[in-house]
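> Fold the following and give me the result.
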Amino acid sequence: MGAGNLPAGLHINLPNEPEWEKAARGGLHMPAAALIRYGDALNAGAPPPVAQANRLPGRAYPWGDEPDPERANYSATAIGATNAVGCFAFGANPYGVEELAGNVWEWTRSLWVEKFPYRIEKSREDLAAGELKSRVLRGGAYYNEPGGVGCGVRYGYLPGYGYRYGGFRVVLSPFTSGR
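This next block holds a predicted model:
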């Protein structure tokens, strides 16, 4: 693998809505280690991490059930602007992922529908739908009150209009042809 190239069989994309939520809340079972390192995820020879039950699978915030201005950038911090990722390390979820609540709304590739929870429908993941179809944003932003940030917070917006309170993170996953 050369610099800037992905290993064969992997691709980078925006998460869909359920992928984003699983990253924020964790699954029903999670690795016993608090942090999954990038190298471990790609090392096919590594033993699978030991799984344990998620103590808070329905957590309101990536770190637990209570808002905390020491763990995320939202209205209670009074910063009033975005921050660099890493400023709220105590807000990391059990996987070690930071900034999933507050700071900026995060784009997903899922098309917006009012109904939730997410229903698996191929039409929800239509990457060719264009910029005039609203996509789902998750997590809230720095200006939101505590109830407007967290694992279950969602919003729909048109990507073609630009959104100054939005950002994104990407997922690295095995390539599938059934996009």
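> how close does the closest residue to P15 other than its chain neighbours sit to W20?
Of all residues not flanking P15 in the chain, V171 sits nearest, at 4.7 Å (C-beta to C-beta, 6 or more residues apart in numbering). (C-beta placed from N, C-alpha, C; glycine too.) Going from V171 to W20 by C-beta to C-beta, to the nearest Å gives 9 Å.
> who has more neighbours, the two?
Using other C-beta atoms under 10 Å, the more surrounded residue of V171 and W20 is W20, with 26 against 15.
> check contacts around the more buried one.
Contact partners of W20, counting by C-beta atoms under 8 Å, 6 or more residues apart in numbering, are L100, E106, T108, R138, G139.
> so where does the closest residue to F90 other than its chain neighbours fall, helix or strand?
Nearest residue to F90, sequence neighbours excluded (C-beta to C-beta, 6+ apart): R71, at 5.0 Å. Assessed by DSSP states H and E, R71 sits outside every helix and strand.
> can I get the CA coordinates of stretch 103-110 in CSV?
This file holds the C-alpha atoms of stretch 103-110, laid out as CSV (Å, rounded to 0.1, in the frame of the first residue of the first chain):
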residue,chain,number,x,y,z
ASN,A,103,-19.5,21.4,18.1
VAL,A,104,-21.0,21.0,14.6
TRP,A,105,-23.9,19.1,13.1
GLU,A,106,-22.5,16.1,11.2
TRP,A,107,-23.7,15.2,7.8
THR,A,108,-24.8,11.6,7.0
ARG,A,109,-25.4,10.2,3.6
SER,A,110,-29.0,9.2,4.5
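> Show me the contact partners of that stretch.
Stretch 103-110 has contacts (C-beta under 8 Å, 6+ apart) with 13-17, 19-20, 72-73, 82-83, 85, 88, 100, 118, 124-125, 127, 135-142, 155, 157, 159, 163, 165-169.
> Could I get the contacts of W20 in a markdown table, plus columns for neighbour count and distance to L6?
Shown next, in a markdown table, are these (neighbours: other C-beta atoms under 10 Å; distance: C-beta to C-beta, whole Å):
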| residue | neighbour count | distance to L6 |
| --- | --- | --- |
| L100 | 27 | 24 |
| E106 | 23 | 22 |
| T108 | 28 | 21 |
| R138 | 23 | 25 |
| G139 | 31 | 26 |
